[in-house]
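> My questions concern the predicted model and sequence given below.
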Amino acid sequence: MKRYGPLLRSWFPGEPLPAPALPGRVARDTLNHPALTGMAAADVSTLAAALEIPYRASLEHKAHLKRGGRRVSAVRSDSPNGNRRLDVTDHVLALRLRDHLDLPVQVIAVLLGIDQGTVSHLTALAGELLAAARTTLPAAPQPAELPRTPAALLAYAATAGIPLTIPENGQTMPERFRTRRSKTTRDTP
């Protein structure tokens, strides 16, 4: 035991290992506000509930393809797949934040405490689920001035009465937000 020191001792049941710290995120109830999403909070929740079954079906389909067949000798349960931190409500919120406020994926990633690539996958999957369900989202007018800096985003949320804070999760918030849609036309021959 002396040879391996604290590493081996940490494996014994008498000394529990510390739980890994999960990155911070903004609470779902905070992000589910009409000023941020352009939809009533109840409408976002209803939409997420309607997309829950197609979402679970797509997860099962991907797992089936990855496994190469049906599950064999698996314990049947109603628990969610694996240790998912995001559910279908987070998918809808990411899509609405991106569409309504024109926030880039870097900002949504910081707010949800996830990677930038995951945000792209979230919004793409939410769009696919909405298209498959033949559901169109209500067109909400964008704010007169879209937030383009973290300070402007926090000020916009504060004027709407939203207690939004930027979480400390190891990701960096960009100093200036770039828009997804190009406002200028290109001069190319």
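That came through, no problem. This is a predicted model, so every value here is computed, not measured.

> all helices of this protein, in order?
Counting by DSSP state H, the segments of the chain that form helices are 6-9, 28-31, 34-37, 41-67, 88-100, 105-112, 116-132, 150-159.

> would you list the ones you listed in JSON lines and tack on mean pLDDT?
Output for these, formatted as JSON lines (pLDDT from 0 to 100):
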{"stretch": "helix 6-9", "mean pLDDT": "52"}
{"stretch": "helix 28-31", "mean pLDDT": "91"}
{"stretch": "helix 34-37", "mean pLDDT": "94"}
{"stretch": "helix 41-67", "mean pLDDT": "87"}
{"stretch": "helix 88-100", "mean pLDDT": "92"}
{"stretch": "helix 105-112", "mean pLDDT": "92"}
{"stretch": "helix 116-132", "mean pLDDT": "90"}
{"stretch": "helix 150-159", "mean pLDDT": "94"}
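
> Any chance of those helices in JSON lines with mean neighbour count as columns?
All C-beta spots, glycine's among them, are computed from the backbone N, C-alpha and C. JSON lines is the format used below for the helices of the chain (neighbours: other C-beta atoms under 10 Å):
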{"stretch": "helix 6-9", "mean neighbour count": "9"}
{"stretch": "helix 28-31", "mean neighbour count": "16"}
{"stretch": "helix 34-37", "mean neighbour count": "20"}
{"stretch": "helix 41-67", "mean neighbour count": "14"}
{"stretch": "helix 88-100", "mean neighbour count": "23"}
{"stretch": "helix 105-112", "mean neighbour count": "23"}
{"stretch": "helix 116-132", "mean neighbour count": "17"}
{"stretch": "helix 150-159", "mean neighbour count": "15"}
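
> among these, which is nearest residue 168?
When the helices of the chain are compared by C-beta to C-beta, helix 105-112 sits nearest residue 168, at 9.8 Å.

> Please save the CA atoms from the closest one in PDB.
This file holds the C-alpha atoms of helix 105-112, laid out as PDB (Å, rounded to 0.1, in the frame of the first residue of the first chain):
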ATOM      1  CA  VAL A 105     -23.800  29.200 -30.500                       C
ATOM      2  CA  GLN A 106     -20.900  30.400 -28.300                       C
ATOM      3  CA  VAL A 107     -23.300  32.400 -26.100                       C
ATOM      4  CA  ILE A 108     -25.900  29.700 -25.900                       C
ATOM      5  CA  ALA A 109     -23.100  27.200 -25.100                       C
ATOM      6  CA  VAL A 110     -22.100  29.300 -22.100                       C
ATOM      7  CA  LEU A 111     -25.700  29.800 -20.900                       C
ATOM      8  CA  LEU A 112     -26.400  26.100 -21.100                       C
END
